[in-house]
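1. sequence and predicted model, in that order:
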Amino acid sequence: MDIRKASESDLNDVLLVERSAFGGNNEAELVRELLEDPTAKPLLSLLALKGDRPVGHILFTKVRLSNSSQKAAILAPLAVVPDSQKQGIGGKLIEEGLQLLSKSGVGLVFVLGYPEYYPRHGFQPAGRLGFEATYPIPEKNADAWMVRELSAGVIGSVRGKVICASALNKPEYWRE
């Protein structure tokens, strides 16, 4: 398997992975909007391939904290085509993305996702650490709002509300 940065010419492959993984068009349209959204930049879009076949995609977009100039990003979405799931592709996409973001000076990465999955990749509940989601997360789903520190000492030295790109700044994307 090969993981590489997705280019504009990969858009159809990226959208195909998103549609296949999620069984619909909502996430694909969100990805398309985020890729075109100037408030999401800088962004990092990675494509996983088995041979020439696209099997996974991950997108990280810029966010900012209301009380800090700390560089931060949000992971949304992560997609792996159904016949390639449970093979470690999602984890490899996450780790490759986090390494590249860390090298670019990003100190925090947020995700609203499965609390059974993302902690395996170093994510921890963000609300308890002083990071408020863009839209309120119901208490029963509080552990789905997570953060991973990429630069030692950032957690504890900053806090605030996460303000995401315009395309992601819609309440329907914040219901877990």
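-> Yes, it's here.

2. not counting its own residues, what contacts the biggest helix by length in the chain?
-> Using DSSP state H, we find that the single longest helix of the chain is helix 89-103. Residues from elsewhere that reach helix 89-103 (CB atoms under 8 Å, 6 or more residues apart in numbering): 1, 3, 44, 46, 48, 55-58, 60, 73, 75, 78, 80, 109, 117, 120-122, 148, 150-151. Every residue, glycine included, has its C-beta placed from N, CA and C.

3. Arg4 belongs to a strand?
-> Yes - counting by DSSP: H, G, I helix; E, B strand; the rest coil, Arg4 is part of a strand.

4. ok, now which ones touch it?
-> Arg4 neighbours (CB under 8 Å, 6+ apart): Leu46, Leu47, Leu49.

5. 7 Å instead, please
-> Leu46, Leu47 (CB atoms under 7 Å, 6 or more residues apart in numbering).

6. pLDDT at it, what is it?
-> Listed pLDDT for Arg4 reads 98.

7. what's the nearest residue to the residue nearest the centre of the chain if we skip its chain neighbours?
-> Centroid-nearest residue in the chain, with CA atoms, centre = their mean: Leu75, separated by 0.8 Å. In space, Leu75 comes closest to Val111 once its chain neighbours are excluded; the distance is 4.3 Å by CB to CB, 6 or more residues apart in numbering.

8. torsion angles phi and psi at the one you found?
-> Dihedral angles of Val111 (phi, psi; degrees, to the nearest 10) stand at phi -150, psi 140.

9. could you give the bridge partners of it?
-> Per DSSP bridges, the residues bridged to Val111 are Leu75, Met146.

10. surely the residue nearest to the centre of the chain meets Val109?
-> Yes - in this structure, Leu75 is within contact of Val109 by CB atoms under 7 Å, at 5.9 Å.

11. list the residues that contact both of the two?
-> In contact with both Leu75 and Val109: Phe60, using CB under 7 Å, 6+ apart.

12. name every strand pairing with the host helix or strand of Val63 and say which way it goes.
-> Element membership of Val63 [criterion: DSSP states H and E] is strand 53-65. As defined by DSSP bridges, the strand partners of strand 53-65 come to strand 43-50 (antiparallel), strand 68-80 (antiparallel), strand 160-163 (antiparallel).
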